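*Asks:* Predicted model follows, preceded by the sequence.
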Amino acid sequence: PKPTGTTPCPTNITPKPTGTTPCPTNITPKPTTSVTPTTTKATPTPTTTPTTTKATPTPTTTKPSVCDKPVDGVDYYGHDIKSTRRSNSDDCCDDCAKTPGCVVYVWTPWNDGTCFLKWKAGKSAPYWGAKAAKVTKSVGSCQAAQSNVDYYGNDIARISADKDDCCALCLTADNCKGYSHYQGHCYLKGELGYASAKAGVTSGVRNV
């Protein structure tokens, strides 16, 4: 028969690619990176409990007395150093304790209250309304008494008194530096000269 003019394509010819290459199914897809936000947990500020300091109350203290308990209705006659105007006997104690040589006081209601400061407790006598007391620690002192020693001259006073009273008498005088006692009299010294031996004389030096 007459050829038709059409040549059939061989069956073993590979067909022309379509131009589109499909993605292989075995390719691992790029992982998606998920960013996890960092969360910082805030540390709570600790609650501070205020410290409360309890105030310690100041103890009430009573000033110790430097005098014995006053004796009512008693006077010690004489031996006065000076007198002060005070309305009560407690103030007399303070006056006596601050007065050199004062060893006892007598308070009386006379003249709205008067303190008599004394260098010696003399003979006691009743006195209505009076209060008397001795000082337990007087102001000033003297060195140990020196037996058979005399400080010659420089006398500022001559007072009839026992030798044990000479120191107190010297303390009552601001310018007294010492004393010598002889035959019942205290000789108060404004200056201490040279010391000399003399039988029967007792001398003492006032502490500065």
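*Replies:* Looks like it arrived, so ask away. Numbers count the residues shown, from 1 in each chain.
*Asks:* gap between the closest residue to residue 66 other than its chain neighbours and residue 205?
*Replies:* Counting by Cβ to Cβ, 6 or more residues apart in numbering, residue 66 lies nearest to residue 97, which is 4.6 Å off, once chain neighbours are set aside. All C-beta spots, glycine's among them, are computed from the backbone N, C-alpha and C. Relative to residue 205, residue 97 is positioned 23 Å away (criterion: Cβ to Cβ, to the nearest Å).
*Asks:* related to what we said a few turns ago, can you list contacts of the host helix or strand of the residue nearest to residue 66?
*Replies:* In the assignment (DSSP states H and E), residue 97 maps to helix 89-98. Contacts of helix 89-98 from elsewhere in the structure, counted by Cβ atoms under 8 Å, 6 or more residues apart in numbering, are 65-67, 70, 84, 86, 102-107, 115, 117, 131, 133, 135, 137-139.
*Asks:* same deal with stretch 201-208?
*Replies:* The contact list for stretch 201-208 (Cβ under 8 Å, 6+ apart) reads 140-151, 163, 166-167, 170-171, 176-182, 192, 195.
*Asks:* Need the buried ones from the residues you listed selected in ChimeraX.
*Replies:* A single ChimeraX command selects the buried members of those (16 or more other Cβ atoms under 10 Å):
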select :140,142,145,146,150,151,163,166,167,170,171,176,177,178,179,180,181,182,192
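*Asks:* burial of the residue nearest to residue 66, as a residue count?
*Replies:* Other residues within reach of residue 97 by the criterion other Cβ atoms under 10 Å amount to 18.
*Asks:* Would you mind splitting the chain into its domains for me?
*Replies:* 71-134, 141-207 (the TED database).
*Asks:* Just give me the neighbour total for residue 83.
*Replies:* By other Cβ under 10 Å, the residues close to residue 83 number 18.
*Asks:* How about residue 87?
*Replies:* 11.
*Asks:* excluding its backbone neighbours, what's nearest it?
*Replies:* Closest to residue 87 by Cβ to Cβ, 6+ apart is residue 113, at 4.3 Å.
*Asks:* residues contacting the one you found?
*Replies:* 85-88, 107.
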